[in-house]
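Student: Give me coordinates for this.
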Amino acid sequence: MSNEQAGIREIEERQRVANELSARSNKVEGRLRDRSADLDLADEQRLQLAAIVESSEDAIIGCSLAGHVTIWNRGAERLFGYSAEEVIGEITSTNPRLHWPEELKALKLVRKGESVPPFETVRRRKDGTEVHVSVSISPIRERDGRIVGASLICRDVSERKRLERQVVQSQKMEAIGQLAGGVAHDFNNLLTIINGYSELLLNRLPAGDPMRQLLSEINRAGERAGTLTRQLLAFSRQQVLEPKVLDLNAVVSDTEKMLRRLIGEDVILTYVPSPTVQPVKVDPGQMEQILMNLAVNARDAMPQGGRITIETRSVTLDEHYVQSHPNARPGQYAMLAVSDTGCGMDDATKAHIFEPFFTTKGPGKGTGLGLATVYGIVQQSGGCIEVSSELGRGTTFKIYLPQVQEPVSAGKSLCSIRMMPHGNETVLLVEDEDAVRSLARHVLRSCGYTVLEADDGQRAVQLVEDHRGPIDLVVCDVVMPYLGGRQLVERLSALRPALKVLFVSGYTDDAVVRHGVLASDYAFLQKPFTPTTLAQKVREVLDGAQ
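Tutor: Here you go, the predicted structure:
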């Protein structure tokens with residue numbers, strides 16, 4: 001091989017080695033660049049993760065296995081009120097501010113590698129207030145699986161707990177109301193008999209008869225029991241109401257004089273009406289009962305005297321308000337507020353004030369049905385009620401009733417003369433309760449009417465088919481076996497188109513509505529009734545004045 005060829009080969013070998021070294025160098029540089037990019041990405045991910053932790057609305061807390069706080073995000077600062085500087089490095093078991101028994105037990109499970117089920121508890125903020133939180137605890141592991149600490153995620157569930165309490169309270173009130181309504185129906189039949197016969201006997205006895213005093217006591221007790229039954233029905237939202245379109249300001253103004261006599265001279269009553277309040281559709285008598293009950297409740301909270309302020313205002317309830325008040329619906333409302341400067345209530349008392357028979361008064365000083373009655377009337381009228389109170393700072397009840405764009409109903413004068421009008425028409429009496437039917441028959445016959453009677457709807461139909469003479473009026477119970485009152489009237493109207501109708505029932509509004517009575521134009525008389533009210537109502541229907 002010539003020297004020239006050897007030189008060429010040596011040059012080629014050197015070039016090959018240089019190329020190989022260059023390729024290796026490029027490969028190493030590429031790996032270094034990839035590693036640098038990986039490190040940059042990891043740093044960026046860690047920064048993003050830290051930003052997510054800091055911006056979370058939930059409290060995110062890191063703890064070492066020894067219990068030292070290592071991470072305390074802004075969510076934890078907002079939830080508990082302590083800054084990160086105040087708690088990082090602290091040991092939860094020795095710091096009274098962070099002495100959380102559940103978390104300490106959870107750390108023991110974490111050290112053993114066991115799972116910690118989520119739980120809810122109550123924590124105290126820096127300002128001393130309590131907050132309901134849900135807590136999730138997870139172990140923090142290294143890449144090799146070794147547990148080095150625990151992460152705690154705490155979420156404020158105070159609003160959810162409050163709404164849950166409201167739902168439970170509503171369900172409890174509904175259950176009590178259903179029970180009250182069922183009991184009231186049976187009472188209505190019994191009281192119709194007690195009050196009816198005691199009134200009949202009183203009317204027959206001369207003024208000097210010694211038995212009058214005894215019968216008067218029976219009659220008064222029956223009337224008080226009837227009032228109690230009506231309060232139960234009002235609370236359970238099952239009372240038969242006769243709503244009218246009313247000017248709320250006029251109702252309060254008309255009731256004001258009576259309220260002043262009721263509350264006494266040591267209590268100052270101030271009325272602040274708003275001219276912008278639109279009409280509301282409520283039962284006039286029930287509206288007066290609301291005012292009386294709230295005024296009496298306010299007076300009793302001020303044994304040494306004070307001030308009651310009644311205010312009306314037109315308000316709008318929006319979706320935000322409805323979210324925190326499940327019984328409310330958005331819309332335009334007339335607000336009636338009754339405030340006092342009395343002793344106020346704590347939260348425990350406020351949680352029970354609308355329950356029937358709950359009272360803070362001494363024995364014999366109240367039935368515990370006043371506020372329960374107000375609650376029921378407002379709910380049945382489509383409104384809602386709220387109360388705000390603090391111990392030593394008085395109480396305010398706010399009632400919201402839906403406003404209507406309808407003309408105000410004309411007032412109707414009430415006859416104060418207790419008399420039993422007479423007649424000579426023929427009345428068909430249909431009642432499945434024997435004692436009530438017997439009383440009604442006696443009253444109607446004593447008033448001069450010819451009475452045909454049946455104990456159920458089927459027998460009433462048969463009686464009408466067999467009777468050849470006139471029948472002017474049917475007085476029938478609403479809920480009866482075999483054939484209900486509404487169905488009976490439809491059958492009888494086909495036989496006697498001119499027949500007038502008076503429905504009577506001891507059942508409550510819900511049952512009556514289901515049987516299609518209140519939605520009709522028929523007259524209605526609620527049990528318990530007295531002989532006088534029965535005679536007056538029969539005469540009204542026959543005369544076409546109902």
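
Student: mind checking how far the closest residue to Arg74 other than its chain neighbours is from Leu109?
Tutor: Leaving aside its chain neighbours, Arg74 sits nearest to Glu54 (5.5 Å; criterion: CB to CB, 6 or more residues apart in numbering). Quick note: C-beta positions are derived from backbone N, CA and C, even for glycine. Taking CB to CB, to the nearest Å as the measure, Glu54 falls 28 Å from Leu109.

Student: after the lowest-mean-pLDDT helix or strand in the chain comes which helix or strand?
Tutor: The weakest-scoring helix or strand in the chain, judged by mean pLDDT, DSSP states H and E, is helix 509-514 (a mean of 52). Note on helix 509-514: by DSSP states H and E, the next helix or strand toward the C-terminus is strand 523-526.

Student: Quick one: distance of that next one to the chain centre.
Tutor: The chain centroid and the centroid of strand 523-526 are separated by 29 Å, computed with CA atoms, centre = their mean, to the nearest Å.

Student: buried stuff in the helix or strand following that strand?
Tutor: Once the chain leaves strand 523-526, the next helix or strand it forms, by DSSP H and E, is helix 531-543. For helix 531-543, a neighbour-count test (16 or more other CB atoms under 10 Å) marks Pro531, Thr532, Thr533, Leu534, Ala535, Gln536, Lys537, Val538, Arg539, Val541, Leu542 as buried.

Student: Over to stretch 462-469?
Tutor: Quick answer for stretch 462-469 (16+ other CB under 10 Å): Leu463, Val464.

Student: Could you export it as CSV, CA atoms only?
Tutor: This file holds the C-alpha atoms of stretch 462-469, laid out as CSV (Å, rounded to 0.1, in the frame of the first residue of the first chain):
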residue,chain,number,x,y,z
GLN,A,462,-134.0,5.9,46.8
LEU,A,463,-135.9,8.2,49.2
VAL,A,464,-136.1,11.0,46.6
GLU,A,465,-137.2,8.6,43.9
ASP,A,466,-140.0,7.3,46.1
HIS,A,467,-141.1,10.7,47.5
ARG,A,468,-143.9,12.3,45.4
GLY,A,469,-144.0,15.7,47.2
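
Student: Run a quick neighbour tally on Ile52.
Tutor: Ile52: 11 surrounding residues under other CB atoms under 10 Å.

Student: Hmm, Gln286 is touching Val378, no?
Tutor: No: counting by CB atoms under 8 Å, Gln286 does not reach Val378; the two are 9.1 Å apart.

Student: quick one, which of those two is more surrounded?
Tutor: Val378 (25 against 21).

Student: you'd agree that one is up against Leu401?
Tutor: Yes: using CB under 8 Å, Val378 is in contact with Leu401, at 7.3 Å.

Student: Which pLDDT does the model give Leu107?
Tutor: pLDDT recorded at Leu107 is 80.

Student: Let me fix that, I meant to ask about Arg35.
Tutor: 52.

Student: got it, and Asn188?
Tutor: 79.

Student: which stretches of the stretch 1-150 of the chain aren't confidently modelled?
Tutor: 1-46, 91-99 (pLDDT under 70).

Student: With the stretch 251-400 of the chain instead?
Tutor: In the stretch 251-400 of the chain, residues with pLDDT under 70: 326, 356-369.

Student: what's next to stretch 250-259, contact-wise?
Tutor: 269, 271, 273, 284, 287-288, 291-292, 295, 310, 312, 336, 408 (CB atoms under 8 Å, 6 or more residues apart in numbering).

Student: how about 10 Å then?
Tutor: Here stretch 250-259 makes contact (CB atoms under 10 Å, 6 or more residues apart in numbering) with 247, 262, 267, 269, 271-273, 277, 279-280, 282, 284, 287-292, 294-296, 298-299, 308, 310-312, 336, 338, 408, 411.

Student: Now it: buried residues?
Tutor: Buried, per 16+ other CB under 10 Å, within stretch 250-259: Val251, Val252, Thr255, Leu259.

Student: Can you pull the phi/psi pair for Asn195?
Tutor: Dihedral pair for Asn195: phi -70, psi -40, per degrees, to the nearest 10.

Student: I'd guessed it sits against Phe529; true?
Tutor: Yes: in this structure, Asn195 is within contact of Phe529 by CB atoms under 10 Å, at 8.0 Å.

Student: Quick check: neighbours shared by the two?
Tutor: Gly226, Leu439.

Student: ok, the residue nearest to Arg74 touching Arg78?
Tutor: No: between Glu54 and Arg78 there is no contact under CB under 10 Å: 11.4 Å.

Student: Ignoring the adjacent residues along the chain, who's closest to Tyr449?
Tutor: Val427 is the one closest to Tyr449 (CB to CB, 6+ apart), at 4.8 Å.

Student: swap that for Leu191, sorry
Tutor: Pro528 (3.7 Å).

Student: Tell me, how many residues neighbour that neighbour?
Tutor: A total of 24 residues lie near Pro528 under the criterion other CB under 10 Å.

Student: need the contact list for it.
Tutor: 184, 187-196, 222-223, 225-226, 229-230, 436, 506.

Student: again with Arg329
Tutor: Contacts of Arg329 (CB under 10 Å, 6+ apart): Leu317, Glu319, Tyr321, Val322, Gly382, Gly383, Cys384, Tyr400, Pro402.

Student: Over to it. Which of the three states is it?
Tutor: Under DSSP: H, G, I helix; E, B strand; the rest coil, the three-state class of Arg329 is coil.

Student: Quick check: the gap between it and Thr395.
Tutor: 25 Å.

Student: same check, this time on Glu433
Tutor: 43 Å.

Student: So between the two, which is more surrounded?
Tutor: Set Glu433 next to Thr395 and count neighbours by other CB under 10 Å: Thr395 wins out with 23 against 19.
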